[in-house]
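**Student:** no sequence on this one, just coordinates:
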């Protein structure tokens, strides 16, 4: 249980950071093209999808790494 919480926490931090960076990049490109910072609903959906995909991928990866470390220590 503790390993799942640790994996979830690390995945959440990674997904949040990557989603924020993706939003910043989208806003930077929007500003470069149109000259204004308009947060379109499409951007928010894209950031949500990016965050979810990264969260689930990192969660799976972290659980796998924790399980590998657990089996090596025994």
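**Tutor:** Yes, it's here. Computed from a predicted model, the values in this text were never measured in an experiment. Numbering: from 1, shown residues only.
**Student:** residues touching the spatially most central residue of the chain, list them.
**Tutor:** Centrality entry for the chain: nearest residue to the mean C-alpha point is residue 15, 1.6 Å, by C-alpha atoms, centre = their mean. Listed by C-beta atoms under 8 Å, 6 or more residues apart in numbering, the contact partners of residue 15 are 51, 52, 54, 55, 58. (Glycine included, C-beta is placed from N, CA and C.)
**Student:** ChimeraX command to pick out the buried ones of those?
**Tutor:** A single ChimeraX command is used to select the members of those judged buried by 16 or more other C-beta atoms under 10 Å:
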select :51,54,55,58
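**Student:** what about stretch 35-43, average pLDDT?
**Tutor:** Averaging pLDDT along stretch 35-43 gives 82.
**Student:** Residue ranges in this protein under the pLDDT threshold?
**Tutor:** Along the chain, the model assigns pLDDT under 70 to residues 1, 66-74.
**Student:** Now do the helices in this protein.
**Tutor:** Using DSSP state H, the helices of the chain run over 2-34, 41-73.
**Student:** With adjacent residues omitted, what lies nearest to the residue nearest to the centre of the chain?
**Tutor:** Excluding its sequence neighbours, the residue lying closest to residue 15 (C-beta to C-beta, 6 or more residues apart in numbering) is residue 55, at 3.7 Å.
**Student:** isn't the one you found right up against residue 12?
**Tutor:** Yes - with contact defined as C-beta atoms under 8 Å, residue 55 and residue 12 form a contacting pair (6.4 Å).
**Student:** How about the contacts made by the residue lying closest to residue 4 once chain neighbours are set aside?
**Tutor:** Closest residue in space to residue 4, ignoring its immediate chain neighbours: residue 63 at 6.8 Å, by C-beta to C-beta, 6+ apart. Residues in contact with residue 63, defined by C-beta under 8 Å, 6+ apart, are 3, 4, 7.
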